[in-house]
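Engineer: just a sequence and a predicted model for now, questions to come.
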Amino acid sequence: MANSERSNPGIRRLLGEVALINRSIADYKPHLPLTVLAFGPQSLTPALQRRLKAEGFDVKVIESISHLLVHKDNNGCALLVHLDHMNDKQRHRMQQLAAEEGQLPVIAISSDTSLQERLVAIRMGAVAFNTTPVNDAQVVADIKALTERYQRDPYQILIIEDQTSVAGFYAATLEDAGFQATVISQPLIELMPYLHNHTPDLILLDLYMPAINGQELAGVIRQQENLISVPIVFLSNEMSPEVQMKAMCTGGDVFLSKPVRPADLLFAVESRVRRGRAVRNLVTCDPLTSVLNRREVLRRLNEEVARCQRYGSRLCIAVLDLDRFKQINDRFGHSSGDRVIKHFAISLVNGLRDGDIVGRLGGEEFLVLMPETRTAIANTAMQRVAEEIRQSPPESQLAYTFSGGLVQCLPGNRGDDLLEQADALMYRAKSEGRDRIVCSGDHDSA
C-alpha cells in the first residue's frame with residue numbers, strides 16, 4: 001500500500017470498508033525485502049523456506065498473535081497458517097483480527113478439505129487454501145501473485161472516459177490506493193497506439209462517448225488476442241437493465257452506475273484484477289518456472305519485433321540452453337533437474353531488468369527478449385547472470401552452466417528469423433566448448 005494512502009484518512013476509511021483491498025502490505029518500503037510470516041514452525045517446511053528465500057523473500061516464524069501484530073507492518077506480505085496446528089482460541093483471535101484490523105493475506109494449509117474448514121480460512125483472511133501434503137511450488141506461486149504488484153508488475157488500469165474531470169477523479173482514487181492509472185479521453189486517436197505498447201490489467205470504459213460508444217469499443221478490444229481475458233468495467237448513468245445486459249454481452253464483466261462511489265470502484269477493480277491475473281497466469285505462464293510459456297513468449301517476440309520495426313527501436317534476443325542437462329537428470333533424478341531449471345529461471349528474472357522478458361521454450365531451453373538494448377549491453381547482462389550461477393548454484397552437487405546465442409533485431413527481420421539466428425549461435429556456443437554466449441557478428445566466443 002502506498003505511503004500516500006497512510007496519510008490520507010479518506011482513502012484509509014474507504015479501504016477499511018473493503019476487506020479484500022485492506023489485506024495487503026500496510027506500508028510498502030521498496031528498499032526492504034518483502035517478508036512472509038509463518039504462524040508456528042509447522043506452517044513452514046525447510047524446503048518451502050528455501051524456495052521463498054531463493055525468490056528473494058525474508059521469512060519469519062512467529063509463535064503468537066502478538067508477534068504477528070509486531071511484524072505485520074514491516075513489509076509483511078503474507079501469513080502462512082497451518083490450521084491443523086491451531087487451537088480454537090487462536091482461530092477465533094485470527095478471525096477477529098481479519099474482521100477488525102485488516103489481516104494480512106493468509107495462505108491457509110489444512111488436511112481438512114471440508115467447506116467448514118475452508119470457511120474458517122476465509123474468515124481469517126485466506127486468499128489461498130492448500131491441502132496436505134503441501135505443494136511448495138503452489139504456495140510460492142500464491143505469494144508471488146500477491147506481491148508482484150509491488151516490485152515487478154504494478155496493477156495497470158486503463159480509463160477510457162471522455163470527461164476529463166471524471167477520469168481524473170477515478171485516476172486519483174486508484175493511484176491513492178496503489179494502482180497505476182492511464183487516462184484516454186479520445187479513444188479514436190489514442191487507444192490503438194496505447195494497446196500496441198501496453199496490456200492493462202483492467203479497463204474502465206465509459207458507455208456513452210462521442211463518435212464511438214463503449215459497447216462498440218469493447219468489441220474492438222476483445223478482438224485483440226492478448227486482451228481477451230482483461231476485465232472490462234462499464235461506467236454509465238444508464239439505468240435500463242436491457243441496455244446494461246446488451247453492453248455486457250460484448251465482453252464486459254461488470255456495470256457500475258454513475259456516480260460511482262470510490263469504495264465501489266476500488267472493490268470492483270481490485271477483485272477483478274486479482275482474478276484476471278490468475279487467469280492470465282494460467283494461460284501465459286510456464287507452470288514449473290512461472291516465466292512465460294512458449295506460446296506467450298513467442299507472441300511477445302513478434303510483438304517486440306513489430307515495435308522495433310515500426311519505431312526503429314533496439315531489440316536483442318537470446319536463446320539459452322542448459323549445458324549437459326541430461327546428465328543432471330540421469331545422475332540425480334528429474335526432481336533435481338526441475339530444481340535446476342527453476343533456479344535458472346529465477347536467476348534470469350532476478351539478474352535482468354524489469355523490462356526484459358523471459359520465457360521457457362521447452363525443456364531446458366529459454367528465450368530472453370531485451371528491448372531498447374545494444375548487443376554489448378545485452379551480452380554483459382548475460383555474462384553477469386552466468387557468473388552469478390557459477391557462484392551460487394542451487395546446491396554444490398547441482399552446479400551447472402548454460403550456453404546461448406544473442407542477436408540484435410535489424411531492419412526487415414521477422415521474429416522467426418531472429419529465433420533461427422539465435423538458435424544457430426547457441427549451437428555454435430555448444431560446439432565451441434559450452435558455458436559461453438556467442439553474439440551475432442562475433443568470430444570469437446564472447
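Structural biologist: It's in.
Engineer: now Gln215, what's its secondary structure?
Structural biologist: helix (DSSP: H, G, I helix; E, B strand; the rest coil).
Engineer: burial of it, as a residue count?
Structural biologist: Neighbour count of Gln215, defined by other CB atoms under 10 Å: 19. C-betas here are computed from N, CA, C, even on glycine.
Engineer: gap between it and Pro200?
Structural biologist: From Gln215 across to Pro200, the span is 19 Å (CB to CB, to the nearest Å).
Engineer: could you do Arg277 as well?
Structural biologist: From Arg277 to Pro200 the distance is 11 Å (CB to CB).
Engineer: got the domain ranges for the protein?
Structural biologist: The chain resolves into domains spanning 3-149, 156-284, 294-439 when parsed by automatic domain parsing.
Engineer: reformat the ones you listed as CSV; add mean pLDDT.
Structural biologist: Output for the domains of the chain, formatted as CSV (pLDDT from 0 to 100):
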stretch, mean pLDDT
domain 3-149, 80
domain 156-284, 87
domain 294-439, 94
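Engineer: which one's more surrounded, Arg277 and Pro200?
Structural biologist: Neighbours were counted for Arg277 and for Pro200 using other CB under 10 Å; Pro200 has more, 23 against 20.
Engineer: nearest spatial neighbour of the residue nearest the centre of the chain, chain-adjacent residues omitted?
Structural biologist: In the chain, the centroid-proximal residue (CA atoms, centre = their mean) is Glu148; its distance is 4.7 Å. Of all residues not flanking Glu148 in the chain, Arg277 sits nearest, at 7.8 Å (CB to CB, 6 or more residues apart in numbering).
Engineer: which positions in stretch 354-368 come out as buried?
Structural biologist: Asp356, Ile357, Val358, Gly359, Arg360, Leu361, Glu364, Glu365, Phe366, Leu367, Val368 (16 or more other CB atoms under 10 Å).
Engineer: what's the answer for stretch 159-172, then?
Structural biologist: Residues of stretch 159-172 classed as buried: Ile159, Ile160, Glu161, Asp162, Val166, Ala167, Phe169, Tyr170, Ala171 (neighbour count, 16+ other CB under 10 Å).
Engineer: before we move on, what about stretch 396-407?
Structural biologist: Within stretch 396-407, the residues that count as buried by 16+ other CB under 10 Å are Tyr400, Phe402, Ser403, Gly404, Gly405, Leu406, Val407.
Engineer: repeat that for stretch 126-143.
Structural biologist: Residues of stretch 126-143 classed as buried: 126-130, 134, 136-137, 139-143 (neighbour count, 16+ other CB under 10 Å).
Engineer: isn't Ser111 right up against Val134?
Structural biologist: No. Using CB atoms under 8 Å, Ser111 is not in contact with Val134; the gap is 10.0 Å.
Engineer: mind listing the helices for the stretch 1-150 of the chain?
Structural biologist: All helices of the stretch 1-150 of the chain, identified by DSSP state H, counting those that start in this stretch, fall at 3-6, 9-17, 19-22, 46-54, 65-71, 88-100, 115-123, 136-151.
Engineer: in the stretch 151-300 of the chain, which spans are helices?
Structural biologist: Using DSSP H, counting those that start in this stretch, the helices of the stretch 151-300 of the chain run over 164-176, 187-197, 214-222, 241-248, 262-284, 294-311.
Engineer: got the angle between the third one and helix 241-248?
Structural biologist: What that stands for is helix 214-222. Relative orientation of helix 214-222 versus helix 241-248 (axes from the mean of the first three to the mean of the last three CA atoms, to 10 degrees): 20 degrees.
Engineer: now, which of the buried residues of stretch 396-407 lie within strands?
Structural biologist: Among the buried residues of stretch 396-407, DSSP state E puts Phe402, Ser403, Gly404, Gly405, Leu406, Val407 in strands.
Engineer: so what's the nearest residue in space to Gln244 that is not next to it in sequence up against?
Structural biologist: Leaving aside its chain neighbours, Gln244 sits nearest to Phe255 (4.7 Å; criterion: CB to CB, 6+ apart). Counting by CB atoms under 8 Å, 6 or more residues apart in numbering, Phe255 makes contact with Val233, Phe234, Ser236, Gln244, Ala247, Met248.
Engineer: go with 7 Å
Structural biologist: By CB atoms under 7 Å, 6 or more residues apart in numbering, the contact list for Phe255 reads Phe234, Gln244, Ala247, Met248.
Engineer: same check on Leu195?
Structural biologist: Contacts of Leu195 by CB under 7 Å, 6+ apart are Gln224.
Engineer: what's the spacing between it and Val120?
Structural biologist: Distance, Leu195 to Val120, by CB to CB: 43 Å.
Engineer: what about Ile189, neighbour count?
Structural biologist: 9.
Engineer: what bridges to the nearest residue to Phe57 once chain neighbours are set aside?
Structural biologist: Distances taken as CB to CB, 6+ apart place Val36 nearest to Phe57, at 5.0 Å, with adjacent residues excluded. Val36 has these beta-bridge partners by DSSP bridges: Val59, Ala78.
Engineer: how many neighbours does Val36 have?
Structural biologist: 30.
Engineer: Arg280 too?
Structural biologist: For Arg280, the neighbour count with other CB under 10 Å is 17.
Engineer: try Arg275
Structural biologist: 13.
Engineer: that's a strand at Leu367, yeah?
Structural biologist: Yes. Assessed with three-state DSSP, Leu367 lies in a strand.
Engineer: ok, it to Glu148 distance?
Structural biologist: Distance, Leu367 to Glu148, by CB to CB: 21 Å.
Engineer: make CSV out of the helices of the stretch 151-300 of the chain and add distance to Leu44.
Structural biologist: What follows is the helices of the stretch 151-300 of the chain, written out as CSV (distance: least, CB to CB, whole Å):
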stretch, distance to Leu44
helix 164-176, 34
helix 187-197, 41
helix 214-222, 43
helix 241-248, 44
helix 262-284, 24
helix 294-311, 32
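Engineer: of all those helices, which one is nearest Leu83?
Structural biologist: The closest approach between Leu83 and any of these, judged by CB to CB, belongs to helix 262-284 at 22.4 Å.
Engineer: and for the closest one, what are the contacting residues?
Structural biologist: Helix 262-284 is contacted from outside by 14, 17-18, 20-21, 145, 155, 157, 170, 173-174, 177, 179, 201-202, 229-231, 233, 253-254, 256, 292-293, 296, using CB under 7 Å, 6+ apart.
Engineer: picking up where we left off before, which one (most neighbours) among the contacts of Phe255?
Structural biologist: In those, the most neighbours by other CB under 10 Å go to Phe234, 24 neighbours.
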